[in-house]
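Visitor: I need the structure of the sequence given here:
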Amino acid sequence: MPKQKKQLSTDHQALVDKGVVNAPDSAKGRLLQAAATLFKEKGYERTTVRDLGKAVGIQSGSLFHHYPNKEAILRAVMEETIILNTELMKAALAQTNKPEDKILALIRCELESVLGETGAAMTVLVYEWRSLKEESQLEILKLRDIYENLWIGTLIEAKEAGSVVIDPAVLRRLLTGALSWTVNWYRKEGDLTVEQLAQMALSLAIKPN
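Guide: Next up, the predicted model:
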């Protein structure tokens, strides 16, 4: 029975259509997802090219039709997840006006990235980026800065509007820790939805009315 094509959000599908990111069910998309899972579970150094080939059902040598080496696959995993989640955040921000709604949109996007399909890649981004060569590290840091500047800009706007009282840089660090840690305890099958969790996180970030 053929595997059912994965249903993407409208914004995600638009990025695939524009060629910004790979389709999850494409050859490259499946390789990057498998690599993210293996790098998270086994670590980058302990994951072999044979492991990667086996995970996507191809000969290990065939991987090099897509990427020149294992390090290039690691970099692609990181680039793909940062670019995807940055663009999804931009799209979410474009649909809001109030500072509180903008913060909620960012919280929601980050929770969905951490707890959803890019969760493994997000973990790899945090723990394995030093496995990249220096040149690749610098490129990943540039992409990360774009992502973080969306957050900082939104929090500064909220502070100027009186919705936030904590220093934006400090608040961002607090939210980063809280949101990323949810992967260790949140269960989708529980009573708490991601939207409810996002609302709770928002209440920690903004000044009570």
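Visitor: tell me what the helix or strand bottoming out on mean pLDDT in the chain is packed against?
Guide: Least confident helix or strand, the chain: helix 10-18 with a mean of 83, by mean pLDDT, DSSP states H and E. Applying 3 or more Cβ pairs under 8 Å, 6 or more residues apart in numbering; DSSP states H and E, one finds that helix 10-18 contacts helix 70-93. C-beta coordinates here come from the backbone N, C-alpha and C atoms, glycine included.
Visitor: list the buried ones in the helix it packs on?
Guide: 70, 72-89, 91-93 (16 or more other Cβ atoms under 10 Å).
Visitor: the least confident helix or strand of the chain: what's the following helix or strand?
Guide: Using DSSP states H and E, the helix or strand that follows helix 10-18 in sequence is helix 27-42.
Visitor: any idea of the angle that next one forms with helix 70-93?
Guide: Using axes from the mean of the first three to the mean of the last three Cα atoms, to 10 degrees, one finds that helix 27-42 and helix 70-93 are set 100 degrees apart in direction.
Visitor: I'd say residue 164 and residue 158 touch.
Guide: Yes - using Cβ atoms under 8 Å, residue 164 is in contact with residue 158, at 4.3 Å.
Visitor: this protein: helices as residue ranges?
Guide: Here the chain has its helices, by DSSP state H, at 10-18, 27-42, 49-56, 70-93, 99-115, 119-128, 134-160, 168-181, 194-205.
Visitor: closest one to residue 63 among these?
Guide: Set against residue 63 and scored by Cβ to Cβ, the helices of the chain come closest in helix 49-56, at 5.8 Å.
Visitor: so what secondary structure elements neighbour the closest one?
Guide: For helix 49-56, the packing partners by 3+ Cβ pairs under 8 Å, 6+ apart come out as helix 27-42, helix 70-93.
Visitor: look up how far residue 205 lies from the nearest residue to residue 167 once chain neighbours are set aside.
Guide: Nearest residue to residue 167 in three dimensions, chain neighbours excluded: residue 159, at 8.0 Å (Cβ to Cβ, 6 or more residues apart in numbering). Taking Cβ to Cβ, to the nearest Å as the measure, residue 159 and residue 205 are separated by 11 Å.
Visitor: with that, I have no additional questions.
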